[in-house]
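[1] Need the 3D shape of this:
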Amino acid sequence: MEQQDDFGKLKEPIFSRKKSLLTVGQYAARQGVSAGVVQEAAKLGVVQVRKHKHKTFIVDLPLDAYKIAKEPDSSVISDEGCLTAEETEPEFCTDKITELVNRICQPAESAPPSADNSAHKVETKIDGQQEIKSTPRPAHSHSPAKDSPLEQWSGWPVERLDLSLLAEDANELSDNRDIDDRQMGSFRVPLLRNITESVTSISLSKVIFAFMTIAFAVSISAYIWSSNDRKIQQQKLRSSYENINNLMTKYDNAMQQARIYELDMNNWQTEAKQAEKTLTEYKTELESIKQSLYDARKDLQNTQQYNTDMLKKLNEQISKIRSQASGTSARPIE
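    Sure thing, here's the model as predicted:
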């Protein structure tokens, strides 16, 4: 019970999302292992890796955090006597990582176990077979030396990685890659990391071939696109030429009509000038006729006046002749 209370206090900071990130060297120095061991553990998925701006960081968690987290969770039972939802989840990945950490992390030299310390059994499942592994649980040290926080909580001494076991674990994991992926659960590697590792594992020849294929496909697409565009532009050019020819034909017809209208206008202007000239001549002739008529009227008046005068003179002469001829006649001849 006391151990579960201690785990309840330590669970939040261990799996908190606000844990600090350390470089590979800093994490190796803090855990007391080499950088190569940390890199191998990162490849095996024992530690959590974060990448930011082309740099690799390790989450500040102990190497045996999964083992520490599994021990209390496996014994959690609800009030009704049934297993909780945490235990009903697939346990294969947790057991596998726990076994891997147990095999990598060897206990440091300590005093032989006393009679009070019973053996701690770890049950793992590999390829559908159950394997029970006994691990001696060391006694709590009462030395005055200051223990690490992990050792103070679990009673285990600080563990060191055994480099000789990394190759075996890697080979074992590579042989067991055909295990059902559905059992991996929440420990599945992120998609971005899979893509990054897949890209980095591609050989240079494949990259060059892929680039050449892409370039060839782009070239073919560009050629087809340019050919279609050229055909479309040629068709547009032909239609433009046809429109220009139609416009030129219409322009020539309009110019011919304008020339015809201009000739007609010139003829009309010539006829108008001739009519105006004829009218002017008619006016001159009319004026001359008027003048002649005026002169004739004046001559007629003069002739009438002359005739009147002559008639008066003739009457006077006749009167004189009568008066002389008759002498005695009282009535003169009128």
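
[2] Could you list the low-confidence segments of the stretch 1-150 of the chain?
    1-18, 64-150 (pLDDT under 70).

[3] do that again at 80, thanks
    Low-confidence segments of the stretch 1-150 of the chain, defined by pLDDT under 80: 1-20, 44-46, 52-54, 60-150.

[4] try the stretch 151-300 of the chain
    151-191, 193-203.

[5] how about a cut-off of 90?
    Applying pLDDT under 90 to the stretch 151-300 of the chain flags the ranges 151-211, 298.

[6] which stretches of it form helices?
    Per DSSP state H, counting those that start in this stretch, the stretch 151-300 of the chain carries helices over the ranges 164-175, 191-201, 204-326.

[7] closest one to Leu21 among the ones you listed?
    helix 191-201 (15.4 Å; CB to CB). For glycine as for every other residue, the C-beta is placed from the backbone atoms N, C-alpha and C.

[8] Contacts for the closest one, please.
    Contacts with helix 191-201, where a contact means CB atoms under 8 Å, 6 or more residues apart in numbering, come from 49, 51.

[9] next one: stretch 283-297
    By CB under 8 Å, 6+ apart, the list of residues contacting stretch 283-297 is empty.

[10] try stretch 205-220
    Contacts to stretch 205-220, defined as CB under 8 Å, 6+ apart, come from residues Ile202.

[11] Using CSV, list the CA coordinates for that stretch.
    Extracted C-alpha coordinates of stretch 205-220, given in CSV (Å, rounded to 0.1, in the frame of the first residue of the first chain):
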residue,chain,number,x,y,z
SER,A,205,20.8,5.6,-56.1
LYS,A,206,17.1,5.3,-55.3
VAL,A,207,16.8,8.9,-54.5
ILE,A,208,18.6,9.8,-57.8
PHE,A,209,16.3,7.4,-59.7
ALA,A,210,13.2,8.9,-58.0
PHE,A,211,14.3,12.4,-58.8
MET,A,212,15.1,11.4,-62.4
THR,A,213,11.7,9.7,-62.7
ILE,A,214,9.9,12.8,-61.2
ALA,A,215,11.9,15.1,-63.5
PHE,A,216,11.1,12.9,-66.5
ALA,A,217,7.4,12.8,-65.6
VAL,A,218,7.5,16.6,-65.1
SER,A,219,9.2,17.0,-68.5
ILE,A,220,6.7,14.9,-70.2
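
[12] can you confirm Lys19 is in a helix?
    No - counting by DSSP: H, G, I helix; E, B strand; the rest coil, one finds Lys19 to be coil, located in no helix.

[13] For it, grab the count of nearby residues.
    13 (other CB atoms under 10 Å).

[14] That one and Pro62: what is the separation?
    In this view, Lys19 and Pro62 are 11 Å apart by CB to CB, to the nearest Å.

[15] ok, now Gln305?
    From Gln305 to Pro62 the distance is 163 Å (CB to CB).

[16] what's the answer for His52, then?
    22 Å.

[17] which SS class is Phe57?
    Assignment for Phe57 (three-state DSSP): strand.

[18] what pairs with it across the strands?
    Taking DSSP bridges, one obtains Arg50 as the residues bridged to Phe57.

[19] thought it was touching Thr23?
    Yes - counting by CB atoms under 8 Å, Phe57 touches Thr23, with 6.3 Å between them.

[20] Looking at those two, which is more packed in?
    Neighbour count, other CB under 10 Å: between Phe57 and Thr23, Phe57 has more, with 17 against 14.

[21] Now do the more buried one against Ile232, distance only.
    Separation of Phe57 from Ile232 (CB to CB): 55 Å.

[22] for Ile318, same thing?
    125 Å.

[23] on that earlier part again, could you check which of Gln305 and Pro62 has the larger neighbour count?
    Neighbours per residue (other CB under 10 Å) separate Gln305 from Pro62, with Pro62 holding more: 20 against 10.

[24] and the gap between the more buried one and Val37?
    14 Å.

[25] Equivalent analysis for Asn194, please.
    Going from Asn194 to Val37 by CB to CB gives 23 Å.

[26] Please apply the same query to Ile224.
    55 Å.

[27] Which one's more surrounded, the two?
    Val37 (20 against 10).

[28] The more buried one touches Val24, doesn't it?
    No - look at Val37 against Val24 with CB under 8 Å: they stay out of range, at 10.0 Å.
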